[in-house]
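# All I have is the shape, not the residue letters:
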Ligand SMILES: [Fe+2]
């Protein structure tokens, strides 16, 4: 079916526009397709009709400083159909004159005007009023976030005695000076300046990011808070000093500074991949694509007092070129990301695009080619366009790879990975963790098994000698949307038969897939391997708890209930890490 008539529109709170529309919604598909891509927005027509209307209440959002609000819609159409949908558009003043050609031939059957911007979200008009088709009237409740009025989200990421705070606003460098007012809780506060970045449509590598998915990103501000006192509680507020001398302030947030590297204290780390975003009001979701996402977020928010740092290892929001989805995603994670460091890795849905230097030349980023992730998420990488970095958190050393750039021996990234492993002082930082988006180690996902590799091609051939030489304890991946844990392993062979209670040296690395953050689940092969110790086809995340230098607890929790479904412990003395095992020390030595 095709868009052929339309409904009325209403300007909404100056920034959002609600339209009752009839549109072409494609059939459901599996995999990683952005739900907004299912609307053929190029072929949707708007014909304002006097008999149709959409009314919203409240009509102004954020009167009490809320970041999101539920809005009740009432609407009517004189020609109702089960295909009618309500779309939320922002900015509201879009015009068909701004449509950018995407290189596809025009469809002669469609007459202008076209919508040239995808909605932020949509829902069928009969979603909560099944009788809409016969009565022509309906109501709907939608949750709307305050679309970048002053501040749209707060995100911070940690590092050695530094914190980095990122937010977006509508103020460019000529309109206001961005800064963070911060200090020890209850103590004097200081101002630290923030930088401002943005990008334009031409920064995108292709459609839909360049066409219907484009949305002006506003301005992205990043401030660096330095010389923090380890473990101390800080409060902070974001500010803009306007050119007329007045100030705009955010609400107050707080965070605890990271422990000093090597510090002996309780340290709790949550890791998952592929979460995506979801809508609390059920919109955009006829594909049930990321329905686990809200559960994961909810569990982490509930557990926040028992979490010190979070790693979201790639495939962050699956905007796939529909840029409004980044605002929805950052609004969803803000309660977590404004309180504990929210560290990220790059995945195929952030980066991959043909002829742009990504290791895999597929279309998964929808034309974003990494620009969104690299601008909005600060990571302590030497070059933000090459998303590999290391970060220390107390007794942990994390080495984060970028699987969307070449990691094989001889590359710049391979050298970085070796340097990261080699520079960990295992007496002080005994827990050495390797993180990457794609599975470079082991996975029983159907598609890997079909290839006969059980992993990303070339993955462990390149890296296993580094994992073994530097005695990496655990390697954790996303990309495959389920949970799996292997034995401690080297070259396909289990190096330790224990499953739950490891004492002394592992003699290999435990590989974990934690890609069940929220996006549609992936199947396991029925083939059984000796190395796969635990598989779960469900949504979940993993948590590492370091009690001290000798005791680590690993847990896998389901997002649906937050309960532990798999776990193991490692207990050892640091001297166990120094001892040689197979291929972990040079085969000959002159020492005697
Ligand atoms: Fe992925």
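Received it, and whenever you're ready, just let me know what you need. All values reported here derive from a predicted model rather than from experimental measurement.

# Return the set of buried residues in stretch 348-362.
348-353, 358-359 (16 or more other C-beta atoms under 10 Å). Every residue, glycine included, has its C-beta placed from N, CA and C.

# got it, and stretch 487-499?
Quick answer for stretch 487-499 (16+ other C-beta under 10 Å): 487-490, 494-496, 498.

# How far away from the center of its chain is it?
Offset of stretch 487-499 from its chain centre (C-alpha atoms, centre = their mean, to the nearest Å): 31 Å.

# cool, and stretch 363-378?
11 Å.

# Could you see whether the ion lies near that stretch?
No: using C-beta under 5 Å from the ion, stretch 363-378 never reaches the ion; the gap is at least 7.2 Å.

# Now do the buried residues in that stretch.
For stretch 363-378, using 16+ other C-beta under 10 Å, the buried residues are 364-378.

# what's the span of it from first residue to last?
This stretch, stretch 363-378, spans 24 Å end to end (C-alpha to C-alpha, to the nearest Å).

# average pLDDT for that stretch?
For stretch 363-378, mean pLDDT rounds to 95.

# Same question for stretch 551-560.
So the average pLDDT for stretch 551-560 ends up being 97.

# Not counting its own residues, what contacts that stretch?
Applying C-beta atoms under 8 Å, 6 or more residues apart in numbering, the contact partners of stretch 551-560 are 292, 295-296, 298-299, 431, 473-474, 483, 485, 510, 512, 514, 516-518, 534, 536, 538-547, 563-571.

# among those residues, which are in strands?
431, 474, 483, 485, 510, 512, 514, 534, 536, 540-547, 564-571 (DSSP state E).

# still on that earlier bit, which of the buried residues of stretch 487-499 sit farthest apart?
490 and 498 (15.3 Å; C-beta to C-beta).

# tally of neighbours for residue 385?
14 (other C-beta atoms under 10 Å).

# what's the spacing between it and residue 201?
Shown here: residue 385 relative to residue 201, a distance of 19 Å by C-beta to C-beta, to the nearest Å.

# Name the helix or strand for the most centrally placed residue in the chain, please.
Central residue of the chain (C-alpha atoms, centre = their mean): residue 316, 2.0 Å from the mean position. Assignment of secondary structure by DSSP states H and E places residue 316 within no helix or strand.

# Who are the contact partners of it?
So residue 316 contacts 275-276, 329, 344, 347, 349-350, 373, 377 (C-beta under 8 Å, 6+ apart).

# Do a quick rundown of the helices in the stretch 401-550 of the chain.
Here the stretch 401-550 of the chain has its helices, by DSSP state H, counting those that start in this stretch, at 412-422, 446-451, 459-469.

# Quick check: buried residues in the second one?
Residues of helix 446-451 classed as buried: 448-449 (neighbour count, 16+ other C-beta under 10 Å).

# How far away from the center of its chain is it?
Counting by C-alpha atoms, centre = their mean, helix 446-451 comes out at 25 Å from the chain centroid.

# Then stretch 558-572?
Distance of stretch 558-572 from the chain centroid (C-alpha atoms, centre = their mean) equals 22 Å.

# Next: stretch 518-531.
Distance, centroid of stretch 518-531 to centroid of chain: 22 Å (C-alpha atoms, centre = their mean).

# same check, this time on stretch 430-440
17 Å.

# pLDDT on that stretch, on average?
98.

# and if you look at stretch 138-158?
Here the average pLDDT along stretch 138-158 is 71.

# Please name the bridge partners of residue 271.
residue 311, residue 542 (DSSP bridges).

# Against residue 355, how distant is it?
In terms of C-beta to C-beta, residue 271 sits 32 Å off from residue 355.

# Would you agree residue 69 is in contact with residue 141?
No: counting by C-beta atoms under 8 Å, residue 141 is not a contact partner of residue 69; they are 10.5 Å apart.

# restrict the ones in strands among the contacts of stretch 551-560 to those near the ion?
Near the ion, by the rule C-beta under 5 Å from the ion, you find none of those.
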